[in-house]
Each structure stands twice: as structure tokens, then as C-alpha cells.
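Q: Provided below are the primary sequence and the corresponding predicted coordinates.
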Amino acid sequence: MNSDLLERTVLHPRHRQAGGRLVPFAGWAMPVQYEGIGAEHEAVRGGAGVFDVSHMGQIETRGPEAEAFLQRLLSNDLAELEVGGAQYGLLCRDDGGVLDDLFTYALEGGAYLTVTNAANHQKDLAWFEEKADDFEVEVRDCRLEWAMLAVQGPMAREKLGRLAAGELPPRLGSARLAIAGVECLVCGTGYTGEDGCELLVPPSGAGLAWDALLDQGVVPAGLGARDTLRLEVCFHLYGNDLSEDRNPLEAGLSWCCKPETGFIGSEAIAAAEPTEILVPFVFLDKGIPRQGNEIRTEHGVGEVTSGTLSPSLGCGIGMGYVPIADSAPGTEIAVDVRGQVRRAEVRSKPLYRREG
Amino acid sequence: MAEASYPEGLLYHPAHDWARVEGEAATFGITWFAQDAVGEVVFFEPPAPGTAVVKDQPYAEIESVKAVSEVIAPLSGEVVEVNRAVETDPETVNADPYGAGWMVQVRLTDLAEAGELLDAAAYRELVGGA
């Protein structure tokens, strides 16, 4: 891909300045690392790190039937989402295949903001617009109106709190709040298994917020560490662990599917009889599992959907689809890593948990 | 090693590997450019002693957190010794690519092949260095 054609976030010059290594990701030039993935991972597990996640998209939904519309589109129960809240859910096709996994925030005045994965944004938007015809709603693409920073780690709230004009929202909450003088939508969400917040920031103020965070000693962290952090706590990555070919039951996401809401895909999901399920595993042998590696189990074969070397655990870890009969924690499985067969063990989620 | 470095006296393969040739023996490793491109090396499994390696063909893999890269043999021969220290501490490849981060020692089978490799100046030019 010609790097000239990649979109750049407003923080691009700061990434270069911080020694960021920029790589193509979902059509964007994004920092995969600065000092190094290991150090950045450690910073988030032990202190505070900040990720530029401005590549993520946003769709705003408003209008008299906004709640009913999102209730129909999203798998979770929107009626439980109140202003100042955040909710994880799935966007499914009629056959239950997962189009995207996304967070939705309830804003003032009956509006909702839904954050999309960068690679899925246009597809999601088209889906929203198509379905909106049947509802009295206005769906608006606002992906260029927001930059987005994720501030994560055990020290994240303390450091962010020093810059905030008010109290930070609790976990799974959201609030309009000035950070370093920049009006943000601050959300108690993240993708690392650590405490922290995500900031939806107007692009014009993103640099100020970034600089203020770095002045507080928050460490810039790239997509490389973001991936090791999320995989240690078994958060799904769309395109790896989730796809249109998998339904939420197989992906282990039935907890965020509320069939009684009648969301698109709910009937197919209720009727589905999955034979495979996504499980986390750790390597008992040396080596590193990678996406696409074959998993061999007593009752069949499966496939690794995400794999890495866990900086926190010091061994190969991953997630993959296996026959349900072989999915119980403690089950030994084998992973074919380019011809080398490595022993692994199915574990329960998360693979990493903070001590104490 | 933070700064680019391509020592004199080594022979370089365009796939970013180096060979230190001493008579019929040679030591192989990857260049500063290669380790920088790969990032932090977190896994290296050397071939077994006795394995035949063929010039221009992969003889091992190194892995960073994000990716797997093949290590190309700059010359043909038979592996006589492997660097267990790199297996234990893969980041040695980043810290000292031409010293403690060597990968294998090989008994060469075709001494004439060395003439096809690059010297430090030519390799530096290849990777766009000064």
C-alpha cells in the first residue's frame, strides 16, 4: 500500500516526534510502537499509557426513535443504557454473523454515539443508514469530528484526574468534561484490562490533551502493546476473533446478546447450534501461536484467531476456535506453528489478572 | 544498539544477514537494519547442529511480538554450532547484532559463494545509509 494514501490522525506529527514507528492499519498510518512493545506494555500494566485510537469511527444516532432503532440493531439491551452510561454490543446480520463489536454511549438529548472499528466503519454506516429508513431517526457519520485517546493503566485515573475539570466517570460511565482545558466526552472504557478512560476529543484539541498527558508522565503506547494487552485479558479483536462467519455464541459473547429485545440476528442466534467455541489458551511448550495456525484437539481441528508472546506471562498465548467438546479449561490441545507442534492448554478468561 | 552500524570485515547478504568468514568456517547473524525492522526479538529457535543450510534460503525464524521473519543463509554449509544464548535471551539480537547476538556457526561447502556477497560500503548503500 502506498503510504501517501493512508489517513493520518491529527497526532501524526507528535507520533513522529515521539519516535513512533508508523504502519498501515485499516487505511490509517498508526504507531505500532515508540520505544518498544515490551516497555509500553509494562507501562500500561504498571503505570499509565496513552494510545491514539483516532482511527476508530463514530456514528451518531438521534431522533424520537433512536432508542428503538439501536435496540433493533445492537445485540445488547439499549433500554438499560442511560445518559452517562456506556454499553458494549454487537452489530449482527440477519443470520447472526457479527458485522462489528462496538461501544455505544448515551448522550444528552436522546442522542447516542456508537464507536466503530476503523476497518468496519463504512460497512457499519451503510448498515445503519439502510435500517434507518424504517425509523424516525437521523444517522450521522461523525468519524472526522472526533479524535480519540485511550488512557490506560493503574495510574491512569490519577494522572488524568489532575487534568480534569471535574470528576471522572466511573467504569462504563461517560461524562462531558474538560481535560487540560479541552472539552471531551470522557468514557470509563478501555481495551487493556486496566482501569482508565477513553477520551473522545475534538481534533483541534487532541494535541493539547496529548501533550498534557505526556507532561503527567503518561507513556505513549502503540498498537503493538494494545494487542498484547487486550489478548492477555481475552478481549476480542474484530477481523481476528470475530467475523461475519461467526455468530456471538461461538465467539463466547452471548452475555451481550439479549434475544428478548428482538435485535436483528436474534432469531438466527437462538436457533443456532454451534459446534465450535472461542477459547483462550496458553502454550505449555515454547513458541508463539499466530493467527491461522491449526489447533488439533481430541475431537477435531480448530484455528488460532489471535496469538502472541505474552509480556506479562512470558509464554505464548492465544485464542482460537475449538470443538465444544474440547473447550473446557484444563483441556490439553496442540497448535501447529508452521510445522512445529506445540502443546497448549485451554484456560478460562482472562489469561492475565492483576495480583491482589 | 540504537544507531545504525555496519562493521567492516563482514560480508553482507541483501536479505539483511551478515557472515564473518574465517577460512572454511563462518558465523551468521542479522544486520542492524534487520533487527531494527523486526523490533524486539522475543523468540528464536536455531536449527539443529548438522543441518545443511543453503545460500539465499531460510534456515531459521525470528519472531517479534508482532511478526515472524525468516532468517536467510548468506552462504551454504553445515551448521556446527548454534547460539543457545540467543535462544534464552532473544533480545541479545537487538542489543548486539554482530557480537553476542550471532545465530549459527557453519562449515562452508562452497567458498566461492562469498564473492557474491556485499562489503560494508555496498550494503550500507543498499539500506540507504551514509
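A: Yes, it's here. Source: prediction; values computed, not measured.
Q: who's in contact with A:Ser310?
A: A:Ser310 sits next to A:228, A:231-232, A:282, A:316-317, A:351-352 when contact means CB atoms under 8 Å, 6 or more residues apart in numbering or on different chains. All C-beta atoms are positioned from the backbone trio N, CA, C, and that covers glycine.
Q: do that again at 6 Å, thanks
A: By CB atoms under 6 Å, 6 or more residues apart in numbering or on different chains, the contact set of A:Ser310 is A:232, A:317.
Q: Over to A:Arg226?
A: Contacts of A:Arg226 by CB under 6 Å, 6+ apart are A:Phe51.
Q: hmm, try it at 10 Å
A: Counting by CB atoms under 10 Å, 6 or more residues apart in numbering or on different chains, A:Arg226 touches A:30-32, A:37, A:40-41, A:44, A:49, A:51, A:53, A:150, A:152, A:190-192, A:235, A:237.
Q: same question, B:Gly50
A: Neighbour list for B:Gly50: B:78-80 [criterion: CB under 10 Å, 6+ apart].
Q: neighbours around A:Ser94, how many?
A: Quick fix: residue A:94 is Asp, not Ser. A:Asp94 has 10 neighbouring residues, counting by other CB atoms under 10 Å in any protein chain shown.
Q: Isn't it up against A:Ile264?
A: Yes. Applying CB atoms under 10 Å, one finds A:Asp94 in contact with A:Ile264, separated by 5.9 Å.
Q: related to what we said a few turns ago, of the contacts of B:Gly50 - the most surrounded one?
A: Among those, B:Val79 has the most neighbours (other CB under 10 Å), with 22 neighbours.
Q: Pull up the gap between that residue and chain A, please.
A: Counting by CB to the nearest CB, to the nearest Å, the separation of B:Val79 from chain A is 17 Å.
Q: ok, back up a step: closest to A:Ile288 out of the contacts of B:Gly50?
A: Distance to A:Ile288, by CB to CB, is smallest for B:Val79 among the contacts of B:Gly50, at 22.4 Å.
Q: Next SSE downstream of the strand or helix carrying the closest one?
A: Using DSSP states H and E, B:Val79 maps to strand B:77-82. Going down the chain from strand B:77-82, the next helix or strand is helix B:84-88, by DSSP H and E.
Q: tell me how far that following helix is from the chain's mean position?
A: Offset of helix B:84-88 from its chain centre (CA atoms, centre = their mean, to the nearest Å): 14 Å.
Q: That one and chain A in contact?
A: Yes. Helix B:84-88 comes into contact with chain A (CB under 10 Å from any CB of the partner chain), by way of B:Glu87.
Q: related to what we said a few turns ago, from the contacts of A:Arg226, which are also near chain B?
A: A:32, A:37, A:41.
Q: want to throw those residues into a markdown table with secondary structure and pLDDT?
A: Shown next, in a markdown table, are those (DSSP: H, G, I helix; E, B strand; the rest coil; pLDDT from 0 to 100):
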| residue | secondary structure | pLDDT |
| --- | --- | --- |
| A:Val32 | strand | 96 |
| A:Ile37 | helix | 96 |
| A:His41 | helix | 98 |
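Q: Which one of these is nearest to chain B?
A: Closest approach between the ones next to chain B among the contacts of A:Arg226 and chain B, by CB to the nearest CB: A:Ile37, at 4.7 Å.
Q: Provide a list of residues in contact with that closest one.
A: Contact analysis of A:Ile37 by CB under 10 Å, 6+ apart lists A:221-229, A:308-309, A:311, B:39-40, B:42, B:64-66.
Q: ok, now A:Val322?
A: Going by CB under 10 Å, 6+ apart, A:Val322 touches A:276-279, A:281, A:295-304, A:331, A:333, A:346.
Q: Roughly how far does A:Arg354 sit from chain B?
A: With the distance defined as CB to the nearest CB, A:Arg354 ends up 21 Å from chain B.
Q: Over to A:Tyr88?
A: A:Tyr88 is 26 Å from chain B, by CB to the nearest CB.
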